[in-house]
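Undergrad: 3D model of this:
(one chain, ligands or ions: 2)
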Amino acid sequence: MILVTGGAGFIGANFVLDWLAQSDEPVLNLDKLTYAGNLENLASLEGDARHVFVQGDIGDAPLLERLLAQHQPRALINFAAESHVDRSIHGPEDFIQTNVVGTMRLLQSVRAYWQALTGAQRAEFRFLHVSTDEVYGSLSPTDPAFTENNKLEPNSPYSASKAASDHLVRAWLHTYGLPVLTTNCSNNYGPLHFPEKLIPLIIVNALAGKSLPVYGDGLQVRDWLYVKDHCSAIRRVLAAGRVGEIYNVGGWNEKPNIEIVKTICALLDELRPKGDGSSYQTQITYVQDRPGHDRRYAIDASKIERELGWKPAETFATGIRKTVQWYLDNQDWVTHVQSGAYRDWVQTNYAGR
Ligand code: NAD
Ligand code: DAU
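TA: Ligands and ions are numbered 1, 2, ... in the order given. Presented below is the predicted three-dimensional model:
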């Protein structure tokens, strides 16, 4: 089997669902179920013996030791993290605990397990670390896109904690020989995306008749990738990636935030027109910028295409339409995740802007 950490979150849950749709190899899913982890994301796997869910922390070494000994995974894919930049600005502590200390403990537990393996099991074992393009810092409008050779120049507490985790993973390869792989991916979007992040937040706020908060001038650029394409890239790297290598993953799809927001409004105008005939665009509100806001990210994904033959299947036009439709079709999911804790966060992040 494979061990997936953080498999109840946005990308992890999409990964587990896609994996089990394509393979009968079981998944052991270890997730702490923070505010971002949601078992409803995995409801379709209820009663499916191929999915074993354990609630727990990647930093819990005795738990890891027990799980590894009992289930003998052939690979681990580490999605578990605190992942929201704005939350890292309000409170960096959890980011250091999970993304840095947690990753270190996970590496230690896995190293002990891997060192005790023998023969083919040891040779074939892989630790795949899922990371982000934000570790490379911010680009000017004319800079070339990030390659795997860019320096790590993180600017937010979140990206600094992810960069630290990338360094730890590298060190566990060089010092202990642990067979690691790292992927650095651009902004994902798609089903099951928690509505604290731009795209789902804009969709749910628009439908609720609320303002659509655009930070600063809205001209910051992100490189958007449909989540199922990120999942297929990870499967490909796990199957054929060279040990110790980093693979950048991206959609070749740079867009300024304001264009993303207007595209969502246009889709909603078409799919769920407002009763008064006005456009959702009338709800757009420019608000105070994010401190230290990175201006532009862009991924050069040529290495993964050249070496592993991976390319995204969705264009932005097809992916964003599917995404908006998913939120329209899954209003119950949205209602359930907008718990008291979610409302507290919205108050913390937006009330003073
Ligand atoms: P998410 O916040 O939606 O999910 C994170 C999951 O990890 C949650 O289920 C949470 O309960 C779990 N978790 C948190 N701390 C844990 C701990 N200590 N032990 C066990 N589980 C824990 O995040 P996401 O957007 O799905 O991102 C997944 C990974 O992909 C992260 O490592 C993130 O840095 C990386 N990434 C995300 C994006 C993106 O656009 N969302 C892009 C590139 C890379
Ligand atoms: O680049 C990969 C990263 O993408 C991942 O590593 C992170 O886990 C993920 O959260 C995402 O980070 P961003 O900060 O780019 O994503 P977010 O959706 O928070 O914001 C996208 C852009 O939209 C960013 O420029 C900030 C802006 N924004 C965001 C919110 C929540 C707004 O203008 N208004 C908002 O309300």
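
Undergrad: Around ligand 2, pick out the residues from the stretch 101-250 of the chain.
TA: Taking Cβ under 6 Å from any ligand atom as the criterion, the stretch 101-250 of the chain approaches ligand 2 at residues 132-134, 186-187, 197-198, 201, 213-215, 220, 222. For every residue, glycine as well, the C-beta is placed using N, CA and C.

Undergrad: so of the residues you listed, which ones are in helices?
TA: Taking DSSP state H, the ones among those that sit in helices are 198, 201.

Undergrad: Ligand 1 next: which of the residues of the stretch 101-250 of the chain next to ligand 2 are close?
TA: Among these, the ones lying near ligand 1 by Cβ under 6 Å from any ligand atom are 132, 187.

Undergrad: any idea which of the residues of the stretch 101-250 of the chain next to ligand 2 is closest to residue 155?
TA: Residue 155 lies nearest to residue 134 out of those, by Cβ to Cβ, at 7.9 Å.

Undergrad: what's residue 274 in contact with, if anything?
TA: Neighbour list for residue 274: residue 280 [criterion: Cβ atoms under 8 Å, 6 or more residues apart in numbering].

Undergrad: cool, and residue 135?
TA: Contacts for residue 135 (Cβ under 8 Å, 6+ apart) come out as 152, 154, 159, 162-163, 166, 184.

Undergrad: Highest neighbour count among the residues of the stretch 101-250 of the chain next to ligand 2?
TA: Per-residue neighbour counts (other Cβ atoms under 10 Å) across those peak at residue 133, which has 27 neighbours.

Undergrad: residues near the closest residue to residue 288 other than its chain neighbours, how many?
TA: Leaving aside its chain neighbours, residue 288 sits nearest to residue 353 (4.3 Å; criterion: Cβ to Cβ, 6 or more residues apart in numbering). The burial count assigned to residue 353 is 12, neighbours taken as other Cβ under 10 Å.

Undergrad: where's residue 342 relative to ligand 1, distance?
TA: Distance, residue 342 to ligand 1, by Cβ to the nearest ligand atom, to the nearest Å: 13 Å.

Undergrad: Could you do residue 209 as well?
TA: In terms of Cβ to the nearest ligand atom, residue 209 sits 26 Å off from ligand 1.

Undergrad: Make residue 1 into 2 and carry on from there
TA: Fine by me, first position is 2 from now on; the one you just mentioned is residue 210.

Undergrad: how about the nearest residue to that residue, chain neighbours excluded?
TA: Nearest non-adjacent residue to residue 210, counting by Cβ to Cβ, 6+ apart: residue 284, 7.3 Å away.

Undergrad: And residue 61, by the same measure?
TA: Residue nearest to residue 61 in three dimensions, not counting chain neighbours: residue 106, with 7.7 Å by Cβ to Cβ, 6+ apart.

Undergrad: Thought residue 66 was touching the one you found, still the case?
TA: No: the criterion here is Cβ atoms under 8 Å, and residue 106 misses it with residue 66 at 10.7 Å.

Undergrad: Looking at these two, which has the bigger crowd around it?
TA: Shown here are residue 106 and residue 66; by other Cβ under 10 Å, residue 106 has more neighbours (17 against 14).

Undergrad: Correct me if wrong, but the more buried one is in a helix.
TA: Yes: assessed with DSSP: H, G, I helix; E, B strand; the rest coil, residue 106 lies in a helix.

Undergrad: where does it land on pLDDT?
TA: Note for residue 106: predicted pLDDT of 98.

Undergrad: for it, what are its contacts?
TA: If you count contacts by Cβ under 8 Å, 6+ apart, residue 106 has them with 59-62, 65.
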